[in-house]
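Colleague: Predicted model and sequence follow; I will ask about them next.
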Amino acid sequence: MGRGTIKEAKVESTNTVEFRFPYSGSQHATLILLKHPVKGHGGVGLKIERGQFMTSFDDTGYGEQWHIAVRFDGGPLQSFLIVRNENGDSRYAIISAYERFVSKLRKAKTVKIEAPFWQEGTRVFEFNVEGLE
């Protein structure tokens, strides 16, 4: 409608994880970056092929808060709040603090993300982000 194009970059994890039934089978996670032409900012998301992220209801502090642990290259662990996506699909998690996350990501070659899953505990995914635009 003439408002521009939403830009997207994504990268699949270099490792896989195994969950129990009903989400069994080897699977990757995908790290997704979005840039919105009208809003002027973007979003960072995680997607799992099968499973359910444990996410916060929103970023206002309402309800239980869920976080991911992120390591950019060999740096220190950093915590980011994760919230549910707008359509409620639990295979997706939105990472809060877009600017902070992306500024670290731009300087990194690798990113490790430890995320919580319903009835599966936490799992770590590794991403090669060198050259990601």
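Modeller: That came through, no problem.
Colleague: List the contacts of the residue nearest to the spatial centre of the chain.
Modeller: Closest to where the C-alpha atoms of the chain average out (Cα atoms, centre = their mean) is Leu46, at 2.8 Å. Going by Cβ atoms under 8 Å, 6 or more residues apart in numbering, Leu46 touches 29-32, 53, 68, 82, 92-93, 95, 113, 115, 125. Just so you know, the C-beta spots here come from the backbone N, C-alpha and C atoms, and that holds for glycine as well.
Colleague: The residues you listed into TSV, with extra columns for neighbour count?
Modeller: As requested, the contacts of Leu46 are arranged in TSV below (neighbours: other Cβ atoms under 10 Å):
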residue	neighbour count
Ala29	26
Thr30	17
Leu31	22
Ile32	18
Phe53	26
Ile68	24
Ile82	25
Tyr92	20
Ala93	29
Ile95	24
Ile113	22
Ala115	26
Phe125	22
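Colleague: Cross those residues against strands and list the overlap.
Modeller: Those of the contacts of Leu46 mapping onto strands are 29-32, 68, 82, 92-93, 95, 113, 115, 125, per DSSP state E.
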